[in-house]
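Colleague: A predicted structure for the sequence below; I have some questions about it.
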Amino acid sequence: MSQVHARLMGVSRVYPAAAGQAAVHALGPLDLDLRRGEFFGVVGPSGCGKSTLLDVVAGLAAPSEGRVTFEQRDVAGEVPDGIGVVFQEDASFGWLTVWDNVAFGLRRAGREAAEVQRRVDEALRFMGLVDFARAYPAQLSGGMRQRVCIARTLVMEPRLILLDEPFGALDAQTRLLMGDELLRLWRASGATVMLITHALDEAAMLSDRVGVMSARPGRFIDIIDTGWARERDSRIAAEPSFGALTARLWSLLRDESLKALGHQRP
Amino acid sequence: MSRAGAWRLGILGGAVALLELLCRLGAIKKITMIPPSEMALALGRLMAGPAMWPHAAKTFGNVAWAFLIAVLAGATIGVVLHALPGLRRALDPWLATWYAVPVFVFYPLFIVLFGMGDAPIIAIAFLFSVAAMTIATLDGLGRIPRVLRKTARVHRLTPIERALRIDLPSAFPYLLTGVKLALAYAFIGVIASEFILSGFGLGHEISFAYNNFDNRTMYGLMLFLLTAVVLINLVVQRIERRELRRRGR
Ligand SMILES: Nc1ncnc2c1ncn2[C@@H]1O[C@H](COP(=O)(O)OP(=O)(O)O)[C@@H](O)[C@H]1O
Ligand SMILES: [Mg+2]
């Protein structure tokens, strides 16, 4: 169960100086093991390097220092097969219908029409998008578009799913429900999930472990085991241990968030 | 029809009716302009007879060549400049001031280079329209969201696949704008060149009729040209609208 799925060793990332901008040391150096099949949450003050971390894990950005492996192989220069990413920004294809958006990867992989049909329909059902299959993304709300992107990712059955604040645009109630769907997806797929979020309660509710990042350059100041059972949903928010967990995350993050805002320690 | 469309039609109809009235009452002299109804009749006669068509074929043929070459070259130059930012920075001032240069001054040079005939006309019209396509291509490529590029990499697309499946459709509305402008400029370039220094084509025929005080033919040809351009633009606009509506703009 604690088999390593993806590993970061001494990883840091510096955005090089460009056009009047000084170089930005955005991340690390840090180590991280993502265990196969776990749900790993990442929280941290804004601008601390969370999205940069995702880019590095996915192979979208090369670390300035250190090594990244996925399934024991070095991640170098390209995104390995088996990794799916849901970005912070809307990445739906505006020129394709919802159905064609979700079918994109399967068609590109040359799957048979019947298989594409079956898997896309299933993904749409899972994400509650069946009624919008023929719609274009522009006709949907931001939250629905994000679901399209999630469906487009999960239909490929990735073994590691990276999500960058996917519910950022949603109201609190919808976010809780989307969290439940994400848990369902995680259990059904057996995939490893890394979820970046700015919502502490979301991280506390969904994750097996929560990595708490420092202000930029982001490092893990603590990684907390939540101890939840695999079968769980948003109702655990009512449990006393949930409140304690969220409070602990906040006490870890408060100083870092103040730093990120440019304040001194009180 | 939309409200705005109804207004547009009303204004156009009103202007035509007013013109008709002014011509009929003699407020506008016959030597200046014939009434719109007679323009329409002249157009009918021109279209029924054989005289106009070879000129029309020549003009539209030259426009088509200039337009096609401009679109292909403009898109290619746009792609290359987008891929080579250093070169782009070097050439940007030229692109930005392209339309400040009256390209028609090069017409005599082109005649020396290519001789009389279609080539110098196509060359002028091409020069006139290629920059619009280049600028539109650069604009479209520059506006492809970075997250789509990342998505292409997550889907492990090859550069060619990315160009065809992400870049092209994402930039398509901007490319269409370039196509629309390139078409308009190709028409202007061809007709104006025919006016100045050509023995053939609709532009020449209009100028010829003007020099011979043949108002009927002149206005008939003008009406023909205007109608043709409007119809072609309606088609392009329809495609553009569909594309924009789909993308919620
Ligand atoms: N392409 C880039 N070039 C330069 N600096 C960047 C770039 N992307 C992000 N940064 C900087 O790196 C830091 C971390 O960014 P990011 O990873 O997006 O943070 P987060 O996702 O935690 O909000 C920020 O200070 C940001 O301004
Ligand atoms: Mg981010």
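Modeller: Yep, it's here. Ligands and ions are numbered 1, 2, ... in the order given.
Colleague: enumerate every residue touching residue 201.
Modeller: As the question left the chain open, I've gone with chain A. A:A237, A:F242, A:T246 (Cβ atoms under 8 Å, 6 or more residues apart in numbering or on different chains). The C-beta positions use only the backbone N, C-alpha and C, and glycine is treated the same way.
Colleague: my bad, chain B
Modeller: By Cβ under 8 Å, 6+ apart, the neighbours of B:G201 are B:H55, B:K58, B:T59, B:N62, B:I121, B:V190, B:I191, B:E194.
Colleague: quick one on the thing from earlier: just the contacts of A:D201: which are in helices?
Modeller: A:F242, A:T246 (DSSP state H).
Colleague: now do stretch B:140-150: everything it contacts.
Modeller: A:55, A:60, A:85, A:87-91, A:93, B:78-79, B:82, B:162, B:166-167, B:170-175, B:178.
Colleague: residues near residue 121, how many?
Modeller: No chain in the question, so chain A it is. Using other Cβ atoms under 10 Å in any protein chain shown, A:D121 has 16 neighbouring residues.
Colleague: oops, I was thinking of chain B
Modeller: 32.
Colleague: tell me which element it falls in.
Modeller: Applying DSSP states H and E as the criterion places B:I121 in helix B:118-142.
Colleague: point me to the residue of chain B nearest ligand 2.
Modeller: B:V147 (11.4 Å; Cβ to the ion).
Colleague: for that residue, give its distance to B:T158.
Modeller: B:V147 sits at a distance of 19 Å from B:T158 (criterion: Cβ to Cβ, to the nearest Å).
Colleague: between the lowest-mean-pLDDT helix or strand in chain B and helix B:118-142, how many degrees?
Modeller: Among the helices and strands of chain B, helix B:107-114 carries the lowest confidence by mean pLDDT, DSSP states H and E, at a mean of 87. Interaxial angle of helix B:107-114 relative to helix B:118-142 (axes from the mean of the first three to the mean of the last three Cα atoms, to 10 degrees): 110 degrees.
Colleague: out of B:V147 and B:T158, which sits in the more crowded spot?
Modeller: Using other Cβ under 10 Å as the criterion, B:V147 and B:T158 rank with B:V147 on top: 17 against 10.
Colleague: all helices of chain B, in order?
Modeller: With helices called from DSSP H, chain B shows them at B:3-24, B:36-48, B:52-83, B:85-97, B:107-114, B:118-142, B:146-154, B:159-162, B:168-197, B:202-211, B:215-246.
Colleague: low-confidence bits of chain A, can you list those?
Modeller: A:1-2, A:263-266 (pLDDT under 70).
Colleague: what about 80?
Modeller: Within chain A, the ranges that satisfy pLDDT under 80 run A:1-2, A:19, A:28, A:76, A:168-172, A:259-266.
Colleague: residue numbers of it in contact with ligand 2?
Modeller: Counting by Cβ under 5 Å from the ion, chain A comes close to ligand 2 at A:K50, A:S51, A:Q88.
Colleague: and which of these is nearest ligand 2?
Modeller: A:S51 (3.2 Å).
Colleague: need the three-state assignment for A:V193.
Modeller: At A:V193 the chain is in strand, as set by DSSP: H, G, I helix; E, B strand; the rest coil.
Colleague: correction: the previous question concerned A:L30.
Modeller: Put simply, A:L30 is strand when judged by three-state DSSP.
Colleague: now do A:S92
Modeller: With three-state DSSP as the basis, A:S92 sits in coil.
Colleague: tell me the spacing between the residue nearest to it when sequence neighbours are not counted and A:L154.
Modeller: Closest residue to A:S92 apart from its sequence neighbours, by Cβ to Cβ, 6 or more residues apart in numbering or on different chains: A:P137 at 4.0 Å. Applying Cβ to Cβ, the value for A:P137 to A:L154 is 17 Å.
Colleague: export the one helix or strand A:V68 maps to to PDB, keeping only CA atoms.
Modeller: Element membership of A:V68 [criterion: DSSP H and E] is strand A:65-70. Written as PDB, here are the backbone C-alpha positions of strand A:65-70 (Å, rounded to 0.1, in the frame of the first residue of the first chain):
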ATOM      1  CA  GLU A  65      17.600  21.100  -9.400                       C
ATOM      2  CA  GLY A  66      16.800  17.500  -8.200                       C
ATOM      3  CA  ARG A  67      15.000  14.600  -9.700                       C
ATOM      4  CA  VAL A  68      11.500  13.500 -10.400                       C
ATOM      5  CA  THR A  69      10.400   9.900 -11.000                       C
ATOM      6  CA  PHE A  70       7.000   8.500 -11.900                       C
END
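Colleague: roughly how far does the closest residue to chain B within the stretch 1-150 of chain A sit from ligand 2?
Modeller: Taking Cβ to the nearest Cβ, chain B has its nearest neighbour within the stretch 1-150 of chain A at A:A138, 2.5 Å off. With distances taken as Cβ to the ion, to the nearest Å, A:A138 is found 24 Å from ligand 2.
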